[in-house]
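> No letters, just coordinates:
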């Protein structure tokens, strides 16, 4: 199949933001202006195309990321003596959730995208979760542009929002546009590159007109343009020379340097508008194709050879061997499992056989579809740089590499945060019992931050996730999609244990009961690792004191013992274990004996290494009317909260705090009663920290 759109005309972008900044409204306008939809779906009316799940429409929030493909020709580009081409660029878009409970959706989307549009509320500016998604984009080195939305709202301020980006996210933000008017008087934008006013008219703002800048805004626009030129010219010696000598810099020169700066994370363009009022979205789309990278602009994806472990590269080229990454699994009621994947190199054809290099299994690709929210368009082939979904893949999980059988490669997997909250769940009837297991398995395949385990002592099923809303949504999905009715227990905190000192321990498992006995003997050293570093294992066995085949079972026993902890039975984290000595018996040693010995050694070592209990600490942002400030601060202090910052936002007070999750259950209700229903808050996981001594005993007793 010949390529319709050359790679330099393709963009893979995500729309990311704090909850309620207007991401989905922006996505709906994009679909309308690019001709994909012929009617604008509004989030507040429950009719948004990209929010296709029933729960998304009812709650007015995005829960699952939705993908679509659209096509665009820049509005402000001058096409000499000819009509603008019908579609010049192809854009694959993923609309992601803003609520931090669904952080996995953002994480996996950013892993496979080449660029992002970060949307901000023009009243609130940078909010708590804006910082989180920004950090995630930094982690995956995703070039981005900013769109300050909702400038038609009461209290909107472009300058304050722009300043909050400079102060809280990056000093490299540069304004490419400023608004004409604000709040009810918001009329359009001024393009600081072309120094023209851009206004939208027509029922849905589909007609874009370019005019001269209004007289009263010329001085302000000149001032902002000077700042723009200062930043852009500073990144290019030729432009610096022109700027300092007072020569005119052309729009094309600015765009060329700016594009290079965006791709190399040196500058972040800031645009503005109001998606709800149909203003500024076309300019944002222009910026997407002008400044965000195509697959060719970014470094080749790196991986390793599954057999030798040697580093390998795959380039965005249709003629290279096929390599792709599965980044999302979804259950479709009509076609079964859908596996979303990004093609990094080569091409893949429906009906061909490929390799899951993560598991070593061969897979036959039945059907390939291009997704438009929850609608599917069947395609025969997908090429390098594309996003698509395959129907009917078996045993492919999020983060698995799929590739050409003859040229295997394993790409870097996606890492996800650990769950922080658990609840017990039990089926209401015998019929529900059989369906519950299947429903939980399907949901766990879709969502890597959703975990299921059985409590060994009680036999109860325990499900864990990123927050109360996360688990609430999953339980509701079980009821609606899988017809499973279940009883839910009270939420429980996912505590962890760790060690604070170095210690050595010996594990000896020797059993003799007539005939062949059991003999396993290991000596280990345990050391603490810095918070967030995770678990590491190394062996310093010399001279074969323990044969190689017994090292892996020893580690298995160590890992199993870490799951049980030593204080209150919670999993242990952030520690390094070194196997440095031991012994074996020619006849009696076995894998099982060394596994038990490893487990005994870890339990003993952890007890000697001054173990402590850790609890999840949440980052909290509370927005309240100023009248209730004292009451809310007092309440947070009583919950062991630490206030990090307070700020004024219009006539509201914003409190940033860190509070233990254990104290936050039911906070929505208590905040409502404290503020007569006028307060709101957002909360996200921040870190694990030591539980105060006076509370440890209560937790330990609660586990008995």
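Received the coordinates, thanks. Keep in mind it's a predicted model, so treat the numbers as computed, not measured.

> Show me where the stretch 351-500 of the chain has its strands.
For the stretch 351-500 of the chain, applying DSSP state E, counting those that start in this stretch gives strands covering 353-356, 361-364, 367-372, 375-379, 381-383, 387-391, 401-403, 410-411, 421-427, 451-454, 461-465, 486-488, 492-493, 496-499.

> and these as a markdown table, adding distance to residue 589 and mean pLDDT?
C-beta: built from backbone N, CA, C; applies to glycine. Listed next are the strands of the stretch 351-500 of the chain as a markdown table, based on distance: least, CB to CB, whole Å; pLDDT from 0 to 100:
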| stretch | distance to residue 589 | mean pLDDT |
| --- | --- | --- |
| strand 353-356 | 35 | 93 |
| strand 361-364 | 33 | 91 |
| strand 367-372 | 51 | 82 |
| strand 375-379 | 56 | 80 |
| strand 381-383 | 52 | 91 |
| strand 387-391 | 46 | 87 |
| strand 401-403 | 37 | 94 |
| strand 410-411 | 33 | 92 |
| strand 421-427 | 38 | 88 |
| strand 451-454 | 31 | 87 |
| strand 461-465 | 36 | 89 |
| strand 486-488 | 46 | 88 |
| strand 492-493 | 41 | 88 |
| strand 496-499 | 29 | 95 |
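
> Name the stretch among those strands that sits most buried.
Sort the strands of the stretch 351-500 of the chain by mean neighbour count, taking mean count of other CB atoms under 10 Å, and strand 401-403 sits at the top with a mean of 26.

> sorry, back to before: so can I have TSV of the strands of the stretch 351-500 of the chain showing distance to residue 288?
Converted to TSV, the strands of the stretch 351-500 of the chain look like this (distance: least, CB to CB, whole Å):
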stretch	distance to residue 288
strand 353-356	31
strand 361-364	33
strand 367-372	18
strand 375-379	22
strand 381-383	20
strand 387-391	15
strand 401-403	28
strand 410-411	25
strand 421-427	37
strand 451-454	36
strand 461-465	33
strand 486-488	43
strand 492-493	42
strand 496-499	41
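
> Quick one: closest of these to residue 181.
strand 367-372 (35.2 Å; CB to CB).

> what about the residue most central in space within the chain, which SS state?
Centroid-nearest residue in the chain: residue 107, 2.0 Å away (criterion: CA atoms, centre = their mean). Recorded secondary structure, residue 107: helix (DSSP: H, G, I helix; E, B strand; the rest coil).

> quick one: the strands in the stretch 51-200 of the chain?
66-72, 89-95, 115-121, 144-149, 173-175, 177-180, 188-191, 196-201.

> picking up where we left off before, separation between the residue nearest to the centre of the chain and residue 417?
Distance of residue 107 to residue 417, computed by CB to CB, to the nearest Å: 8 Å.

> Kindly report the same for residue 501.
27 Å.

> picking that back up, and the strands of the stretch 51-200 of the chain, which one's lowest on average pLDDT?
Note on the strands of the stretch 51-200 of the chain: lowest mean pLDDT is at strand 66-72, with a mean of 82.

> could you check the angle strand 375-379 makes with it?
Between strand 66-72 and strand 375-379, the angle comes out at 60 degrees (axes from the mean of the first three to the mean of the last three CA atoms, to 10 degrees).

> contact partners of strand 66-72?
Applying CB atoms under 8 Å, 6 or more residues apart in numbering, the external contacts of strand 66-72 come out as 27, 30-31, 33-36, 50-52, 87-95, 285, 288-289, 340, 370-374, 387, 389.

> Return the members of these classed as buried.
27, 30-31, 33-34, 36, 50-51, 87, 89-95, 285, 288-289, 340, 370-374, 387, 389 (16 or more other CB atoms under 10 Å).

> Residue 501 and residue 417 - which one has more neighbours?
Set side by side, residue 501 and residue 417 show unequal neighbour counts under other CB atoms under 10 Å, the larger going to residue 417 at 14 against 11.

> State the distance from that one to residue 596.
Taken as CB to CB, the span from residue 417 to residue 596 is 32 Å.

> Residue 553 now?
9 Å.

> out of these two, which sits in the busier spot?
Shown here are residue 553 and residue 596; by other CB under 10 Å, residue 596 has more neighbours (23 against 20).

> how about that one, what does it touch?
Contacts of residue 596 were listed using CB under 8 Å, 6+ apart, and they are 507, 509, 518, 520, 557.

> One more pass at 7 Å, please.
If you count contacts by CB atoms under 7 Å, 6 or more residues apart in numbering, residue 596 has them with 509, 520, 557.

> distance of the last one from residue 208?
Right, residue 557. Separation of residue 557 from residue 208 (CB to CB): 67 Å.

> Residue 612 now?
Taken as CB to CB, the span from residue 612 to residue 208 is 60 Å.

> Tell me where the model's unsure across the stretch 201-350 of the chain.
332-335 (pLDDT under 70).

> Please, where are all the strands along it?
207-211, 268-272, 301-304, 311-314, 323-332, 336-345, 347-349.

> so how far is residue 188 from residue 201?
Distance of residue 201 to residue 188, computed by CB to CB: 9 Å.

> Could you do residue 599 as well?
For residue 599, the distance to residue 188 - CB to CB - is 68 Å.

> just to revisit the earlier point, and residue 557 and residue 208? which has more neighbours close in?
residue 557 (26 against 19).

> And for the more buried one, nearest residue in space, chain neighbours not counted?
Leaving aside its chain neighbours, residue 557 sits nearest to residue 598 (3.0 Å; criterion: CB to CB, 6 or more residues apart in numbering).

> pLDDT on the helix or strand containing that neighbour, on average?
Assigned by DSSP states H and E, residue 598 belongs to helix 591-608. The pLDDT scores in helix 591-608 average 95.

> how much space between residue 519 and residue 507?
Using CB to CB, residue 519 is found at 12 Å from residue 507.

> okay, those two: which has more neighbours?
Set residue 519 next to residue 507 and count neighbours by other CB under 10 Å: residue 507 wins out with 25 against 21.

> is it true that the more buried one lies in a strand?
Yes: under three-state DSSP, residue 507 falls within a strand.

> Now do the same contact list for it.
Contacts of residue 507 (CB under 7 Å, 6+ apart): 522, 597, 598, 600, 601, 604.

> Neighbour-wise, which one of the residues you listed leads?
Going by other CB under 10 Å, residue 522 tops these with 35 neighbours.

> show me what contacts that one?
By CB under 7 Å, 6+ apart, the contact list for residue 522 reads 507, 546, 554, 579, 582, 594, 597, 598, 601.

> Switch the residues you listed over to a markdown table, and while doing so, append distance to residue 366 to every line.
Formatted as a markdown table, the contacts of residue 522 follow (distance: CB to CB, whole Å):
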| residue | distance to residue 366 |
| --- | --- |
| 507 | 50 |
| 546 | 47 |
| 554 | 43 |
| 579 | 46 |
| 582 | 50 |
| 594 | 44 |
| 597 | 48 |
| 598 | 44 |
| 601 | 49 |
